[in-house]
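A.B. asks: Compute the structure for the input listed below.
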Amino acid sequence: MIRLIDDNVKLCGKSLALIAPKVVIQDFVTCDLSGNDGVKSLNPKAANGCEMFKNGENGKDGDNGKSSGSLVICASEITNPENLNVILNGGDGSNGQDGGNGLNGKNGVGKKFKKAFGFGTKLKLKTAVIGNIILGGLPGILRARYNESQANATDIKRLKVFSTHKWSSHSMIVYQGTAGSPGGHGGLNGRGGYGGKKGNLTILNVSNADIPIKVESNDGKNGKDGEHGKDGIDGHDGWDVACIKKSFGRLRKYGKFNNEKLKIIITDKEDKDTVYVKSKDVGRGSQCYAKIVVKPLKHSTLKENEQLEVLERTERVSAPEANKVNLNSISKSFQKLCLSSSAINKTEHVMQVGRKYALQVFGIIVH
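C.D. replies: So this is what the prediction gives:
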């Protein structure tokens, strides 16, 4: 039996075995069994964070390239081998998807100074001090207070202090802004898909000394890793405002421009900037003086449980394996063919390989 190869063959990722006593490469033909490239993602970037899920989504890993098939020619003689061009390249892996960006955190809010301490509030502070003086400090003793009020955890907090100390009235009102929320994490980058494995050309039982078949056989290239999504910007904490009024001194204003944070510290040292807190006075050396320390606004920081949050990758798909060919089975088929009496002086053409029946004429497809 003589097999004539006179048409191109393209079977992506399939392995072929051509078995005949004599093979004739009649025309310049190409046998391409290369694997397909990995499927490209429709979206190069994963979804960004949103109101419900502030973290950006993790990018998907690229698709692996498919491995090439291999070609086996099992024949006693090959005529015109230089006419055959064999391509056995692995497919390229596709690129990993970029991670989605985290959602920006929301800024906290504070109470505007002019609204918190308008004419009416300032007048109340001053008249309370004057009334306390007129009544000999009795209101400040009987109605001394240090209390905080807040409708819920996300509302502006109000701190109010009123007391009498050494015949002087001490009054302080503080409005503390809400905390800003931290931004979401950026999604992890998807990793590039692995390139497919190259195929092999194997020639068996050929008596020709030199078989100059042109072969192109390369592993596919790995896809590029995507980029990590950007973390969302943390929101600013809301600003604080406050006023302090003593009997003997001017009205002291804090946070007039709505751009400061005010920290209340309790100390045992009295000075012109402190107010007396009667409820914290338990005797000599008591820390019973409240003082305002001014700080600039800052971005919110991640809470402890959010700092421990770990963005997990999905398990990466392993690299593709090369397609295997059973050479032992092919050798047995060759021996049976050579012993068959029907093989004598019979010629078959290998052409029109796009049709199913022609594949059987060409050889054996090894999956």
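A.B. asks: Show me the shaky parts of the chain.
C.D. replies: In the prediction, the chain carries residues with pLDDT under 70 at positions 1-6, 125-126, 128-146, 150-154, 167, 208-209, 299-317, 319, 334, 337-367.
A.B. asks: Could you list the domains of this structure?
C.D. replies: Here the domain parsing of the chain from automatic domain parsing is 1-105+189-233+314-367, 113-182+234-306.
A.B. asks: what's the offset of the last one from the middle of its chain?
C.D. replies: Domain 113-182+234-306 sits 44 Å away from the centroid of its parent chain (Cα atoms, centre = their mean, to the nearest Å).
A.B. asks: can you check stretch 43-55 too?
C.D. replies: Taking Cα atoms, centre = their mean, the mean C-alpha location of stretch 43-55 is offset from the chain mean by 9 Å.
A.B. asks: residues making contact with it?
C.D. replies: 56-60, 95, 97-103, 105, 183-187, 190, 226, 229, 232, 311 (Cβ atoms under 8 Å, 6 or more residues apart in numbering). C-betas here are computed from N, CA, C, even on glycine.
A.B. asks: sorry, back to before: is it possible to get CSV of the domains of the chain that adds mean neighbour count?
C.D. replies: Below are those laid out as CSV (neighbours: other Cβ atoms under 10 Å):
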stretch, mean neighbour count
domain 1-105+189-233+314-367, 19
domain 113-182+234-306, 16
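A.B. asks: Help me confirm that Phe53 is found in a strand?
C.D. replies: No. Under DSSP: H, G, I helix; E, B strand; the rest coil, Phe53 falls outside any strand and is assigned coil.
A.B. asks: ok, so what distance separates it from Gly184?
C.D. replies: 8 Å (Cβ to Cβ, to the nearest Å).
A.B. asks: Glu148 now?
C.D. replies: 31 Å.
A.B. asks: got it, and Ile233?
C.D. replies: The gap separating Ile233 from Gly184 is 10 Å, by Cβ to Cβ.
A.B. asks: So for those two, which residues contact both of them?
C.D. replies: Shared contacts of Ile233 and Gly184, defined by Cβ under 8 Å, 6+ apart, are found at 104-105.
A.B. asks: At which residues are the strands of the stretch 51-200 of the chain located?
C.D. replies: Using DSSP state E, counting those that start in this stretch, the strands assigned to the stretch 51-200 of the chain run over residues 71-74, 77-79, 84-87, 145-149, 157-165, 168-176.
A.B. asks: Of all these, which one comes closest to Glu321?
C.D. replies: The stretch from the strands of the stretch 51-200 of the chain with the least distance to Glu321 (Cβ to Cβ) is strand 71-74; that distance is 17.8 Å.
A.B. asks: For Lys10, list each beta-bridge partner.
C.D. replies: Using DSSP bridges, the beta-bridge partners of Lys10 come out as Asp32.
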